[in-house]
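Undergrad: prediction below, plus the sequence it came from.
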Protein chains: 2
Amino acid sequence: MTTVAAYAAPAAKAPLERTTIERREVGEFDVLIDIKFAGICHSDIHQAREGWGEAIFPMVPGHEIAGVVAEVGSGVTKFKVGDRVGVGCLVDSCRECENCQAGLEQYCLKGVTGTYNALDKNGEPTYGGYSQKIVVDENYTVRIPDGLSLDVAAPLLCAGITTYSPLRHWNAGPGKKVAIVGLGGLGHMGVKIAHAMGAEVTVLSQSLRKQEDGLKLGADHYHATSDPKTFEELRGTFDLIVSTVSAPLDFGAFLSLLKTDGALVNVGAPEEPISLNLFSVIGGRKTLAGSGIGGIGETQEMLDFCARHGIGAEIELISASEINEAYERVLSSDVRYRFVIDTATI
Amino acid sequence: MTTVAAYAAPAAKAPLERTTIERREVGEFDVLIDIKFAGICHSDIHQAREGWGEAIFPMVPGHEIAGVVAEVGSGVTKFKVGDRVGVGCLVDSCRECENCQAGLEQYCLKGVTGTYNALDKNGEPTYGGYSQKIVVDENYTVRIPDGLSLDVAAPLLCAGITTYSPLRHWNAGPGKKVAIVGLGGLGHMGVKIAHAMGAEVTVLSQSLRKQEDGLKLGADHYHATSDPKTFEELRGTFDLIVSTVSAPLDFGAFLSLLKTDGALVNVGAPEEPISLNLFSVIGGRKTLAGSGIGGIGETQEMLDFCARHGIGAEIELISASEINEAYERVLSSDVRYRFVIDTATI
């Protein structure tokens, strides 16, 4: 066991504070990672505040982890000391079900082991990236290509893959009109990635406040959803809409923006059930779907794609003592576009 | 103009009664059809009682029409006098939009002209199949193959195509597990068609009351949704669920029965909005979709498919004077499985 400095929420809704945690011994197939940077994801806050249900405390959040391999187990073949690596939202899965076998570990039929707020196979709680070191099985570790700086790469491990996966699955690319709802941590990655895939990209944001940013990030068009004209003008426009917001939308209105056979895919998740008139999907054979992060292989593919296209997250680098303040700013959408913790400051 | 006997609702929620209507002159591209049989669809009742919003009265319902061509316009090339033909839910569309061009007339971007309860291009109300004759453009008329009796073919024009289209679009076939929710007019066609397509078919019905029928119609399995065990046992089972019911389901429970990447497609339409927790689609990248009838070409394809597989609807043939009683029986699910009006009795 190794004692490691970390930032943890001692109880639901309590501020995070500095503490220490124990990391397991480096097993045969494990890598010990010196964490350099950890992104702050909105879902860290949902979980630390029990917005998604009962959670495990103390909680060390963080599933956007970038660092360097410090030690490898005797059986490790994929990584060596000094490699630049990342860890995302899951650190284990059953490895045997049809989804794990198909590289869809995120949908493991027996349930994944989350990077934090979960119990591992030995029943021990997992602790996330707001810490100085982590021990992870090599099969749940990905390589960060040389072209990507570790700080801007960290958010790719959740915000990047969460948008990349549905964009790829629903065939964003040349000739396709794609809308991204919300220009936050996920949304700004969605814009960059959809643009790099060759799609015509529209941002649908509550206001035009971030319009200039959106266009710089790669959007071709930018519309305010607070303006009713947006829904008149864009009726029947999109092949694919990816909603990154966790506020409950007027789903009927957004579905009306789709072409026939279009899909509205939710990667944001309101805590409450939404209301939907089924005529909104029957007319035009439309799809309301969801998507959660991505598989390990797909996460590697996404990192390689981002490196090839020079895509990192837009970040505000903070020290660990600023985490609680950062949480409040995330909740008021006051971040452009992802807080990343310099874990040397923990 | 030709005066034709018909059954009409004189006002919303009023009983249907015998009357006469005027049919237009047979135009250059029109066929005059001697209607032989007309099915009673649940949506006839929704519309005659204004459950789907304000309607046009007097209303002659009926969009499951089977008959014989009695006269053709000078420009008609597809049909001749004596041909056995059908008319479904639409009698016109814009013919120019990308959907019409793609054979998806049912999703015409300018809106279809419904077979009844609509206004045609001249602003005249359309009247449906509860009548002795109808005049329809040849492009919105389909051929009923010789192998199919006209009485059991009539319901295929709505109940048949409404289930065939999503089963085909979402690839029902060998190796696929398909569930049909509800064993009514639509559901019993869904079972027959999915079985003929080679899928493994499960009926999900409120009770086991119609189990024997369901298995005879081609279902491999039959489960009662009133039994909570059904949802435990069948968790993660289906590639595709087609819901034919217009009652609001527990959508979270039904989505849990899908495999990863599975789709729950609604062809039934509750009048009220449904409630949905988006986590039900995010976990397993699932789809909640809708589908409405089918295009004209696809309707012909469906009829040919049904003839090849010897599939007609299971019907109760009634005389026109029994229409109002039949409506009450439809509303209490007391029909096996479609009422068909012998229009000679009008």
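TA: Thanks, I have the structure now.

Undergrad: element containing A:Thr3, please.
TA: A:Thr3 belongs to strand A:2-8 when assigned by DSSP states H and E.

Undergrad: so for that strand, mean pLDDT?
TA: Across strand A:2-8, pLDDT averages out at 97.

Undergrad: contacts for that strand, please.
TA: A:16-23, A:25, A:32, A:57-60, A:127, A:130-135, A:320, A:323, A:341, A:346 (CB atoms under 8 Å, 6 or more residues apart in numbering or on different chains). Every C-beta, even on glycine, is put in place using the N, C-alpha and C of the backbone.

Undergrad: what about burial for the residues you listed, which qualify?
TA: With burial judged by 16 or more other CB atoms under 10 Å in any protein chain shown, the buried subset of those is A:16, A:19, A:21, A:23, A:32, A:57-60, A:127, A:130-135, A:320, A:323, A:341, A:346.

Undergrad: from those residues, which ones fall inside helices?
TA: By the criterion of DSSP state H, membership of the buried ones among the contacts of strand A:2-8 in helices covers A:Ile323.

Undergrad: neighbours of the residue lying closest to A:Gly214 once chain neighbours are set aside, how many?
TA: Leaving aside its sequence neighbours, A:Gly214 sits nearest to A:Val203 (CB to CB, 6 or more residues apart in numbering or on different chains; 4.3 Å). Burial of A:Val203 is recorded as 28 neighbouring residues (other CB atoms under 10 Å in any protein chain shown).

Undergrad: check A:His42 too.
TA: By other CB under 10 Å, the residues close to A:His42 number 24.

Undergrad: next, it: phi, psi?
TA: A:His42 adopts backbone torsions of phi -50, psi -30, taken as degrees, to the nearest 10.

Undergrad: just the one 3 residues further on next, same as before
TA: Dihedral angles phi and psi of A:Ile45 (degrees, to the nearest 10) take the values phi -70, psi -40.

Undergrad: how about the residues of chain A by chain B?
TA: Contacts of chain A with chain B, taken as CB under 8 Å from any CB of the partner chain, map to A:99, A:104, A:107, A:109, A:166, A:169, A:236, A:260, A:263, A:266-267, A:269-270, A:272-292.

Undergrad: give the ChimeraX command for selecting the buried subset of these.
TA: Command for ChimeraX, covering only those of the residues of chain A next to chain B found buried under the criterion 16+ other CB under 10 Å:
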select /A:99,104,107,109,166,169,260,263,266,267,269,270,273,274,276,277,278,279,280,281,282,283,284,285,286,287,288,289,290,291,292
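
Undergrad: show me which parts of the helix or strand harbouring A:Val330 are buried, residue by residue.
TA: Assigned by DSSP H and E, A:Val330 belongs to helix A:323-331. Buried residues in helix A:323-331, counted by 16+ other CB under 10 Å: A:323, A:326-327, A:329-330.

Undergrad: point me to the residue of the stretch 1-150 of chain A nearest chain B.
TA: Of all residues in the stretch 1-150 of chain A, A:Tyr107 sits closest to chain B, at 4.7 Å by CB to the nearest CB.

Undergrad: was I right about that residue contacting A:Ile293?
TA: No: A:Tyr107 lies out of contact with A:Ile293 (CB atoms under 8 Å); the separation is 9.4 Å.

Undergrad: is the closest residue to A:Phe251 other than its chain neighbours in a bridge, and if so with what?
TA: Nearest-residue entry for A:Phe251: A:Leu276, 5.1 Å, with adjacent residues in sequence omitted and distances by CB to CB, 6+ apart. A:Leu276 has these beta-bridge partners by DSSP bridges: B:Ile274.

Undergrad: now A:Gly86. Its backbone dihedrals?
TA: phi -130, psi 160.

Undergrad: picking up where we left off before, mind checking which of the contacts of strand A:2-8 land in strands?
TA: Assignment to strands by DSSP state E places the following of the contacts of strand A:2-8 there: A:17-23, A:32, A:133-135, A:341.

Undergrad: which one of those sits closest to A:Glu71?
TA: Distance to A:Glu71 across these (CB to CB) is lowest for A:Leu32, with 4.0 Å.

Undergrad: and the pLDDT at A:Ser246?
TA: Value for A:Ser246, per-residue pLDDT: 85.

Undergrad: with A:His223 instead?
TA: pLDDT at A:His223 comes out at 98.

Undergrad: with the one 10 residues further on instead?
TA: A:Glu233 carries a pLDDT value of 98.
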